[in-house]
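1. Model the following, please.
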Amino acid sequence: MSIIEVKNISKRFNDKLVLDNISYEVKEGEIFGFIGPNGAGKSTLINIMTSLLTPDSGTIEICGYDILREPIKAKECMGYVPQELALMEELNAYDNLEFFGALYGLKGKLLKERIAEALKVTGLEETKKQKVKKFSGGMKRRLNIAVSILHHPKVLILDEPTVGVDPQSRNHIFSFIKNICRDWGTTVIYTSHYMEEIEELCKRVFIIDLGKEVSYGDREEIKASVFSNNKVIIETQEISGETIMKLKDLEGIDKVSDKDNVLTLTIDSKFKLASVLSLLEKETVNIKKISYEEAKLEDVFLSLTGKTLRD
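-> Numbers count the residues shown, from 1 in each chain. Below is the predicted model of the structure:
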């Protein structure tokens, strides 16, 4: 079941088209990755989803509510963690949560319970009475996340949540995301320009560049549909150029590179390791180590756009 439906969203700023007919769906309870380089249009789309911006065309439904026609009801279903921190630094963590919880309409015993819960799941229980201005960047980010979940949203939008955070906070954030999806059934929209984060968290992804869809769907299916770019790494004691040329002629090998007697074979679905081993044995090549490296989303992005994600 889809909890978010984005259909044909376009947006211009003056003469610049920043979103070009974007469409996708997000399933209930999943962690959905929305990825692209800085300036790709990710934050603009998030701002439209949260009704901070109005699209030039297209529609968005969240929890069954049209974000343009019923923005209040749609936003009641959402929690939002923006890139820029939204906290009162002169107050402590508990008082921040108490203030924002009241804005959600929480009060009394329920508010106290939700504050305690949010502090626990974000790992901030021991620092709840410390002023936010003394927090590290990672702790502030976790507190911002705690604020966003006080009302138990069905959909949680995280816009670049690990920018500027320390490794410990990053791990806290990852554990938190996985836990609320599993335990609360929360749907998470996770935007990032770090492909390795999406690889760890998200099964389905939408890749955007220059305001346009690059690819959309199951992460592994995207990688398979674009190209088979898996690699086999073979460390040898010594290998001749003639043997390398013979390897290039084997079925299932698209490319062979050699550096300091370490072979990198770029392979496709027809690759057979037995054929490689048989050839190397015939050529009396001593093998020291064999390893396998799967294609990454970064490879897909490079293949489709001709540039790396951080270009």
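2. Quick check: phi and psi at M88.
-> phi -100, psi 110 (degrees, to the nearest 10).
3. Just give me the neighbour total for it.
-> 13 (other CB atoms under 10 Å). Bear in mind the C-beta positions are built from the backbone N, C-alpha and C, glycine included.
4. try G123
-> Neighbour tally, G123, other CB under 10 Å: 18.
5. ok, and the closest non-adjacent residue to it?
-> H172 (4.8 Å; CB to CB, 6 or more residues apart in numbering).
6. Which phi and psi values does A116 adopt?
-> phi -60, psi -40.
7. Pull up the per-residue confidence for P71.
-> pLDDT recorded at P71 is 93.
8. Isn't it up against S51?
-> Yes - judged on CB atoms under 8 Å, P71 makes contact with S51 at a distance of 4.4 Å.
9. Next, A40: secondary structure please.
-> Following DSSP: H, G, I helix; E, B strand; the rest coil, the label given to A40 is coil.
10. Counting neighbours, what do you get for it?
-> 23.
11. before we move on, what about E281?
-> Counted with other CB under 10 Å, E281 comes out at 11.
12. how about the helices in the stretch 1-150 of the chain?
-> Assigned by DSSP state H, counting those that start in this stretch, the helices in the stretch 1-150 of the chain fall at 42-49, 71-76, 93-103, 108-121, 137-148.
13. And these: which comes nearest L280?
-> helix 42-49 (45.9 Å; CB to CB).
14. how far is that closest one from where the chain is centred?
-> 15 Å (CA atoms, centre = their mean, to the nearest Å).
15. could you give the mean pLDDT of that helix?
-> Helix 42-49 comes out with an average pLDDT of 93.
16. Now distance to S303 and mean neighbour count too, for the helices of the stretch 1-150 of the chain, in CSV please.
-> Converted to CSV, those look like this (distance: least, CB to CB, whole Å; neighbours: other CB atoms under 10 Å):
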stretch, distance to S303, mean neighbour count
helix 42-49, 20, 22
helix 71-76, 36, 16
helix 93-103, 43, 19
helix 108-121, 38, 15
helix 137-148, 32, 23
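17. just so I know, which of the ones you listed lies nearest L277?
-> helix 42-49 (45.0 Å).
18. who does that closest one touch, helix- and strand-wise?
-> The helices and strands touching helix 42-49, judged by 3 or more CB pairs under 8 Å, 6 or more residues apart in numbering; DSSP states H and E, are strand 2-13, strand 16-27, strand 31-35, strand 57-62, strand 155-159, strand 187-192.
19. out of the ones you listed, which comes closest to S278?
-> The nearest among the helices and strands packed on helix 42-49, by CB to CB, is strand 31-35 at 40.7 Å.
20. Check for me that the residue nearest to G123 belongs to a helix.
-> Yes - per three-state DSSP, H172 lies within a helix segment.
21. Now for G241: which residues touch it?
-> For G241, the contact set (CB atoms under 8 Å, 6 or more residues apart in numbering) is empty.
22. measure it to P37 for me?
-> 39 Å (CB to CB, to the nearest Å).
23. Please apply the same query to M195.
-> To P37, M195 is 10 Å away according to CB to CB.
24. between the two, who's got more neighbours?
-> Taking other CB under 10 Å, M195 and P37 do not tie; M195 has more neighbours (21 against 18).
25. chain center to the helix or strand harbouring I234: distance?
-> Secondary-structure assignment from DSSP states H and E places I234 in strand 230-236. Offset of strand 230-236 from its chain centre (CA atoms, centre = their mean): 28 Å.
26. Begin at 737 from now on, thanks
-> I'll keep to 737 as the first residue from here, and by that count the last item is strand 966-972.
27. Which neighbours in the sheet does that strand have, and how are they oriented?
-> Its sheet considered, strand 966-972 pairs with strand 998-1003 (antiparallel), strand 1023-1029 (antiparallel) by DSSP bridges.
28. Give the buried residues for it.
-> In terms of neighbour count (16 or more other CB atoms under 10 Å), strand 966-972 has its buried residues at N966, K967, V968, I970, T972.
29. Stretch 1008-1026 too?
-> For stretch 1008-1026, by 16+ other CB under 10 Å, it's V1012, L1016, V1021.
30. Run a quick neighbour tally on the residue nearest to G859.
-> With other CB under 10 Å as criterion, H908 counts 21.
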